[in-house]
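Trainee: fold the stuff below for me.
(one chain, ligands or ions: 1)
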Amino acid sequence: MKKLNVGIVGLGTVGGGTYTVLTRNAEEISRRIGVDVNVALVADKDLDRANELTNGKTTVTDDAFALVSSPDVDVVVELIGGYTIAKDVVLKAIENGKHVVTANKALIALHGNEIFAAATKAGVMVAYEAAVAGGIPIIKALREGLTANRHQWVAGILNGTTNYILTEMRDKGLAYQDVIGEAQRLGYAEADPTFDVEGIDAAHKLVIMSAIAFGMPLKFDEAYTEGITQIAQTDIQYAQTLGYSMKLLGITKRTDKGVELRVHPTLIPADQLVASVDGAMNAVAVQSDAVGPTLYYGAGAGAEPTASAVVADLVDVARLMGADESERPAALGYQVDQVQDIAVLPIEVVESAYYLRANATDQSAASADIEKVMAEYKIAIKQIVQKSASDLVILTDVTVEKNMDAAIAALEALPTITGKLVKLRMEALG
Ligand code: HSE
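Mentor: Next up, the predicted model:
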């Protein structure tokens, strides 16, 4: 039987899961593909951890660069993660003519353009299914299963840590500070948890999907990110009573003027399927012209769910290794010379509906003032609701962000309103 020799770099959560799944399901996998996927070498700077996991069955090294140069390795699985040596390891592997599988969303989002160009030059594959939404096969869905379609938008819950935090805040009435520690303890958070809570991790994943969905370069630097650290318990509860669920959404949308690329807390109708995605689970909704809406749900983090995607990539590599480059799917789904440099819209020109919370003691006077200001800025009010002795919640129709911000400045200058307004974006996902 043909053999694929795999070298795994990084035996943390995902690396350990990949080793376990590959060894446990080796027979099942080879029955499917007719190739023996064999872990030939593993590298981890913690040799004790590596030896404990491999139990003498696989050669272990603490030198990642020795692994990527080893003649015993056909494909390098990069599971170091983050911004440290991963890029050098991957580029060296490519230079040495090795195929690469990675779960590193930061690496692909920031350096994917360079990495894919190097891979094309070297005639090797770089596969990254595990980089987006863990075990959900969304890269394959967008790049292959939905290839007949022109996509309108992709939106999703792309970070398990923040979804867990928001779920706990809603269900247990806890404040953000009370939940973040537990979220980290569960092991879903990034090494630097600010990547999770500030929306950066979700933006890494969103940027990758926007490139595949719309045939544009990876533009992480132009993504708008807003996290959940400022979310108040009050707004989660008010949203719920008004029929909405608060989620940290990544949204990328094709418009006449360019592409929206944004991550922020968002109120979505509670009867949308995505609204019931709770805890550390992820979901991605795709709106396409031929198939219409499709929805993908599953574990977005964790050892074996992420390993499931890593191993699926290894299977693709095993199947396509001997194939001509033209027979392999393009790394980002479009032929390299067909990628278009579509403009990313700044958040100021993005259109959205809004949830606003204002502090006002004389609520009928404040409501009258709010209606006047909104009319001046041509913003339709869908609802003004008195939520407590001091809280007024306003739900607006769709307007351009900069118009909403100007109206908010005018509202904050009113004598009937105290302090700053809370502003949250709303999406119908319809
Ligand atoms: N920190 C990420 C999350 C891990 O919470 O979703 C998976 O990418």
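
Trainee: next, residue 20: secondary structure please.
Mentor: Following DSSP: H, G, I helix; E, B strand; the rest coil, we place residue 20 in the helix state.

Trainee: helices or strands up against the helix or strand of the chain with the lowest mean pLDDT?
Mentor: Scoring the helices and strands of the chain by mean pLDDT, DSSP states H and E places helix 176-185 at the bottom, with a mean of 87. Helices and strands touching helix 176-185, by 3 or more CB pairs under 8 Å, 6 or more residues apart in numbering; DSSP states H and E, are helix 160-172. From N, CA and C alone the C-beta is placed, and that goes for glycine too.

Trainee: so how far is the helix it packs on off the chain centroid?
Mentor: Here helix 160-172 is found 17 Å from its chain centre; the criterion is CA atoms, centre = their mean, to the nearest Å.

Trainee: what helices or strands is it leaning on?
Mentor: Helix 160-172 sits against helix 176-185, helix 194-197, helix 233-241, strand 244-254, strand 281-288, with contacts defined as 3+ CB pairs under 8 Å, 6+ apart.

Trainee: so it, near the ligand or not?
Mentor: Yes. Contact of helix 160-172 with the ligand (CB under 6 Å from any ligand atom) involves 160, 161.

Trainee: next, the angle helix 176-185 makes with that helix.
Mentor: Helix 160-172 runs at 130 degrees relative to helix 176-185, counting by axes from the mean of the first three to the mean of the last three CA atoms, to 10 degrees.

Trainee: quick one: buried residues of helix 160-172?
Mentor: Buried residues in helix 160-172, counted by 16 or more other CB atoms under 10 Å: 160, 161, 162, 163, 164, 165, 166, 167, 168, 169, 170.

Trainee: can you check stretch 211-229 too?
Mentor: For stretch 211-229, a neighbour-count test (16+ other CB under 10 Å) marks 211-216, 218-220, 222-228 as buried.

Trainee: can you show me the strands along the stretch 51-200 of the chain?
Mentor: Under the criterion DSSP state E, counting those that start in this stretch, the stretch 51-200 of the chain contains strands at 59-61, 75-78, 99-102, 126-127, 151-157.

Trainee: the ligand is nearest to which of the ones you listed?
Mentor: When the strands of the stretch 51-200 of the chain are compared by CB to the nearest ligand atom, strand 151-157 sits nearest the ligand, at 9.1 Å.

Trainee: strands paired with that closest one, and their directions?
Mentor: strand 244-254 (antiparallel), strand 281-288 (antiparallel) (DSSP bridges).

Trainee: interface residues of the chain facing the ligand?
Mentor: Taking CB under 6 Å from any ligand atom as the measure of proximity, the chain contacts the ligand at 134, 159, 160, 161, 188, 189, 190, 196, 201, 300, 301.

Trainee: dump the helices and strands packed on helix 160-172 to a markdown table, plus mean neighbour count.
Mentor: Formatted as a markdown table, the helices and strands packed on helix 160-172 follow (neighbours: other CB atoms under 10 Å):
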| stretch | mean neighbour count |
| --- | --- |
| helix 176-185 | 15 |
| helix 194-197 | 21 |
| helix 233-241 | 17 |
| strand 244-254 | 24 |
| strand 281-288 | 23 |
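
Trainee: could those go into CSV alongside distance to residue 138?
Mentor: Formatted as CSV, those follow (distance: least, CB to CB, whole Å):
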stretch, distance to residue 138
helix 176-185, 23
helix 194-197, 19
helix 233-241, 27
strand 244-254, 12
strand 281-288, 5
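
Trainee: out of these, the one nearest residue 91 is which?
Mentor: The closest of those to residue 91 is helix 194-197. By CB to CB, the value is 22.4 Å.

Trainee: by contact count, what packs against the helix or strand hosting residue 205?
Mentor: In the assignment (DSSP states H and E), residue 205 maps to helix 200-214. Using 3+ CB pairs under 8 Å, 6+ apart as the contact test, the elements touching helix 200-214 are helix 105-122, helix 138-140, strand 151-157, strand 224-225, strand 244-254, strand 259-269.

Trainee: make JSON lines from these and add mean pLDDT and distance to residue 374 to it.
Mentor: Converted to JSON lines, the helices and strands packed on helix 200-214 look like this (pLDDT from 0 to 100; distance: least, CB to CB, whole Å):
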{"stretch": "helix 105-122", "mean pLDDT": "97", "distance to residue 374": "38"}
{"stretch": "helix 138-140", "mean pLDDT": "98", "distance to residue 374": "39"}
{"stretch": "strand 151-157", "mean pLDDT": "98", "distance to residue 374": "27"}
{"stretch": "strand 224-225", "mean pLDDT": "98", "distance to residue 374": "24"}
{"stretch": "strand 244-254", "mean pLDDT": "98", "distance to residue 374": "20"}
{"stretch": "strand 259-269", "mean pLDDT": "98", "distance to residue 374": "18"}
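
Trainee: quick one: the residue of the stretch 201-350 of the chain found nearest the ligand and residue 130, what's the gap?
Mentor: For the stretch 201-350 of the chain, the residue closest to the ligand is residue 301, as judged by CB to the nearest ligand atom, at 3.6 Å. From residue 301 over to residue 130 the distance is 10 Å, taken as CB to CB, to the nearest Å.

Trainee: also residue 33?
Mentor: Counting by CB to CB - residue 33 and residue 130 are separated by 18 Å.

Trainee: leaving out chain neighbours, which residue sits closest to the residue in the stretch 1-150 of the chain that the ligand sits nearest to?
Mentor: As assessed by CB to the nearest ligand atom, the ligand sits closest to residue 134 within the stretch 1-150 of the chain, at 5.5 Å. Residue nearest to residue 134 in three dimensions, not counting chain neighbours: residue 300, with 4.1 Å by CB to CB, 6 or more residues apart in numbering.

Trainee: check residue 86 too.
Mentor: residue 80 (4.7 Å).
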